[in-house]
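Undergrad: no letters, just coordinates:
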């Protein structure tokens, strides 16, 4: 750790991992409800568990992004953070808002929560991923503004690198496109149209800028490759991201009441969306192969390479699988969507955060890298989590194909629940893979407390 | 990448590409907004439909169901449920009776909560689902099962 103020990143990373555990536990509950439908009913109905599962994911990824920003910006700008105190206050505000929201979901019926939190003033709740009550949404805006102010002021007074500019651009984009979550038309079609301006333009737009900047930062540190080379790659990758991804929003405009020409725009541009992810894979491997130093943190290198590969598979390949309009006509809103969602989020955003944490956390604890045994344990957790997400994706894909075949094709289509009964086997297998994932996550956390061997001194 | 292709060139492609395609996206959005009224039949959005959408949202229906294919995949698609359950010949009655009879309590089966909706709220829910079933979705879903 070169700058004292980087230390504020630590609580962000710890909170991120803690919420990650919560996300996985609720995922397991939902996975079990898929096969034993009345499990925990009516205490935790499926829709509540799902809201907790997805909201925890979003919040912990945001914690990770923010921690990453506070960690890498001082090193990039070669100056202390503008205000470490503000960063810490922001941390507690965000954690409190997040915790209260989750408690609200679990303790109070959703309609009551909506009434309690002033949803009537400005109805924004009850839309997928944007279920947060109005005060939480406003809290997210305040937290984002505080982060942006702090980071922007730091960049202004320090060295301006491409990595810090790209990160800043990504974070500003994140804040700006979140504002569309406050727009909710009584016309469902308009509601959906602009809902995607938050959801799609986040995950297939500005978040990829944040991802790219984080990956580029870690690759510079662990490979020692010339900054000019890495930053050139970064620009090319994010250029392709936005060139394909913005109009690629059209793949969500096939069947929601929007004009038919979106089937062309959406298919063509989103078919190109795997390109930046493929470049990211090539980028990561290329830089590691051309490394000029042997960094002792092997685990961080593994996570960085894994991010490239899994983001390409999950977001790129599994996205392409169902993105062409004639295919999507059958797959839209099926288990295929769920399969893609799981591997894409894990491969791109979970893994880039774990890459960053893997690199930065030892530094924050006053060492260059963890001991050999601790790293071995972390690498085992990498393989357990990564292999199980691959299997979760494969099982959901199998379930999806079968579901579509039974329910949407042929002359005698089955009803939804009848088709679900036919694919139970794959839901069971998915749940088993989920438990393996949890094992990996437990091992991951355990690796932080591994006392064996000597850490590599800073 | 070769030496002739510099970082400055890559940066310019990024800024130029982002701005160009965002403007194109705005243009397409502008055109879509002009075309939408013919497809979403907004002239049929009554106060009842509006209230129904709010009930849909505040009961977090999208946490289990899909609507026009978006949402969760735990329970049936509801964008066309009005038509699937009989349309103008019984669709409304079926939906109301279904919501009122939940949960089924069958052991091991997926359960839908009881939301204690009154007659007006049930009617609003039906009106919202009826309006949604009339949106021009480009013939999606492939068949009535959703």
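TA: Right, received. Where do you want to start? No experiment lies behind these values; they were computed from the predicted model shown.
Undergrad: contacts and neighbour counts: CA atoms only from here.
TA: OK.
Undergrad: residues in the stretch 301-450 of chain A within reach of chain B, list them.
TA: Within the stretch 301-450 of chain A, the positions near chain B by Cα under 8 Å from any Cα of the partner chain are A:329-330, A:332-335, A:338, A:407-409, A:413-417.
Undergrad: change it to 7 Å
TA: Counting by Cα under 7 Å from any Cα of the partner chain, the residues of the stretch 301-450 of chain A lying close to chain B are A:329-330, A:332-335, A:407-408, A:415-416.
Undergrad: all strands for chain A, in order.
TA: Here chain A has its strands, by DSSP state E, at A:367-369, A:456-457.
Undergrad: burial-wise, tell me which of those strands comes out on top.
TA: Of the strands of chain A, the one with the most neighbours on average (mean count of other Cα atoms under 10 Å in any protein chain shown) is strand A:367-369, at a mean of 21.
Undergrad: what sits up against it?
TA: Under the criterion Cα atoms under 7 Å, 6 or more residues apart in numbering or on different chains, residues A:296-297, A:362, A:455-458 lie in contact with strand A:367-369.
Undergrad: how about 8 Å then?
TA: Strand A:367-369 has contacts (Cα atoms under 8 Å, 6 or more residues apart in numbering or on different chains) with A:296-297, A:359, A:362-363, A:455-458.
Undergrad: which helix in the chain runs the most residues?
TA: The chain I'm using is chain A. Counting by DSSP state H, the longest helix found in chain A is helix A:372-408.
Undergrad: you looked at the wrong chain, it should be chain B
TA: Counting residues, the longest helix found in chain B (DSSP H) is helix B:7-40.
Undergrad: so what does it touch, helix or strand wise?
TA: Helices and strands touching helix B:7-40, as assessed by 3 or more Cα pairs under 8 Å, 6 or more residues apart in numbering or on different chains; DSSP states H and E, comprise helix A:227-248.
Undergrad: number of residues surrounding the closest residue in space to residue A:402 that isn't next to it in sequence?
TA: Distances taken as Cα to Cα, 6 or more residues apart in numbering or on different chains place residue A:423 nearest to residue A:402, at 6.9 Å, with adjacent residues excluded. Other residues near residue A:423 come to 20 when the count uses other Cα atoms under 10 Å in any protein chain shown.
Undergrad: equivalent analysis for the one 10 residues further on, please.
TA: Neighbourhood size, residue A:433 [other Cα under 10 Å]: 23.
Undergrad: look up how far chain B lies from it.
TA: Residue A:433 sits 19 Å away from chain B, going by Cα to the nearest Cα, to the nearest Å.
Undergrad: flag the shaky bits of chain B, pLDDT-wise.
TA: Residues of chain B that meet the criterion pLDDT under 70 lie in B:1-2.
Undergrad: tell me which stretches of it form helices.
TA: For chain B, the helices defined by DSSP H cover B:7-40, B:47-58, B:81-84, B:91-101, B:119-133.
Undergrad: packing partners of the fourth one?
TA: Applying 3+ Cα pairs under 8 Å, 6+ apart, one finds that helix B:91-101 makes contact with helix B:81-84, helix B:119-133.
Undergrad: between those, which one is closest to chain A.
TA: Evaluated over these, closeness to chain A peaks at helix B:119-133, with 7.7 Å, by Cα to the nearest Cα.
Undergrad: and the closest one with helix B:47-58, angle?
TA: Orientation of helix B:119-133 against helix B:47-58 (axes from the mean of the first three to the mean of the last three Cα atoms, to 10 degrees) gives an angle of 90 degrees.
Undergrad: residues contacting helix B:119-133, please?
TA: So helix B:119-133 is contacted by A:188, B:44-45, B:48-53, B:55-56, B:78-83, B:92, B:95-96 (Cα under 8 Å, 6+ apart).
Undergrad: just put the helices of chain B in TSV and tack on mean neighbour count.
TA: Formatted as TSV, the helices of chain B follow (neighbours: other Cα atoms under 10 Å in any protein chain shown):
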stretch	mean neighbour count
helix B:7-40	16
helix B:47-58	20
helix B:81-84	21
helix B:91-101	16
helix B:119-133	21
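Undergrad: what residue is smack in the middle of chain A?
TA: Geometric centre of chain A, nearest residue: residue A:349, 3.5 Å, by Cα atoms, centre = their mean.
Undergrad: for chain B, what's the nearest residue on the stretch 151-300 of chain A?
TA: Counting by Cα to the nearest Cα, the stretch 151-300 of chain A gets nearest chain B through residue A:239, at 4.0 Å.
Undergrad: so what's that residue up against?
TA: Residue A:239 sits in contact with B:10-11, B:13-15, B:17-18, where contact means Cα under 8 Å, 6+ apart.
Undergrad: hmm, 6 Å instead?
TA: Applying Cα atoms under 6 Å, 6 or more residues apart in numbering or on different chains to residue A:239 gives the contacts residue B:14.
Undergrad: save the helices of chain B as JSON lines, and put in distance to residue A:342 too.
TA: As requested, those are arranged in JSON lines below (distance: least, Cα to Cα, whole Å):
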{"stretch": "helix B:7-40", "distance to residue A:342": "27"}
{"stretch": "helix B:47-58", "distance to residue A:342": "24"}
{"stretch": "helix B:81-84", "distance to residue A:342": "28"}
{"stretch": "helix B:91-101", "distance to residue A:342": "31"}
{"stretch": "helix B:119-133", "distance to residue A:342": "29"}
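Undergrad: next one: stretch A:106-118, is it in contact with chain B?
TA: Yes. Applying Cα under 6 Å from any Cα of the partner chain, one finds stretch A:106-118 touching chain B at residue A:111.
Undergrad: what number of residues lie near the residue lying closest to residue A:291 once chain neighbours are set aside?
TA: If the residues on either side of it in the chain are set aside, residue A:291 comes closest to residue A:223, at 4.3 Å by Cα to Cα, 6+ apart. Residue A:223: 19 surrounding residues under other Cα under 10 Å.
Undergrad: so what's residue A:223 up against?
TA: Shown in contact with residue A:223 (Cα under 6 Å, 6+ apart): A:288, A:291-293.
Undergrad: follow-up on the earlier one: tell me the spacing between the residue nearest to the centre of chain A and chain B.
TA: 21 Å.
Undergrad: so for the closest residue to residue A:393 other than its chain neighbours, what's the pLDDT?
TA: Once flanking residues are discounted, residue A:393 sits nearest to residue A:339: 4.6 Å by Cα to Cα, 6+ apart. For residue A:339, the pLDDT comes out at 98.
Undergrad: quick one: residues contacting residue A:339.
TA: Residue A:339 neighbours (Cα under 6 Å, 6+ apart): A:393, A:396-397.
Undergrad: how near is the residue of chain A found nearest chain B to residue A:46?
TA: Per Cα to the nearest Cα, residue A:37 is where chain A lies closest to chain B, at 3.6 Å. Separation of residue A:37 from residue A:46 (Cα to Cα, to the nearest Å): 9 Å.
Undergrad: please apply the same query to residue B:23.
TA: 40 Å.
Undergrad: ok, now residue B:103?
TA: 13 Å.
Undergrad: surely residue A:270 and residue A:249 touch.
TA: No. Under the criterion of Cα atoms under 6 Å, residue A:270 is not in contact with residue A:249, lying 7.7 Å apart.
Undergrad: intersection of neighbour lists for these two?
TA: Common neighbours of residue A:270 and residue A:249 (criterion: Cα under 6 Å, 6+ apart): none identified.
Undergrad: what residue spans form the domains of chain B?
TA: B:1-40, B:43-146 (automatic domain parsing).
Undergrad: for residue A:229, find the nearest of those.
TA: Smallest distance to residue A:229 across the domains of chain B (Cα to Cα): 7.7 Å, for domain B:1-40.
Undergrad: quick one: distance of that closest one to the chain centre.
TA: In this view, domain B:1-40 has its centroid 27 Å away from the chain centroid, taken as Cα atoms, centre = their mean, to the nearest Å.
Undergrad: for stretch A:122-140, buried residues please.
TA: Residues A:123-134, A:136-137, A:139-140 are the ones in stretch A:122-140 that count as buried (16 or more other Cα atoms under 10 Å in any protein chain shown).
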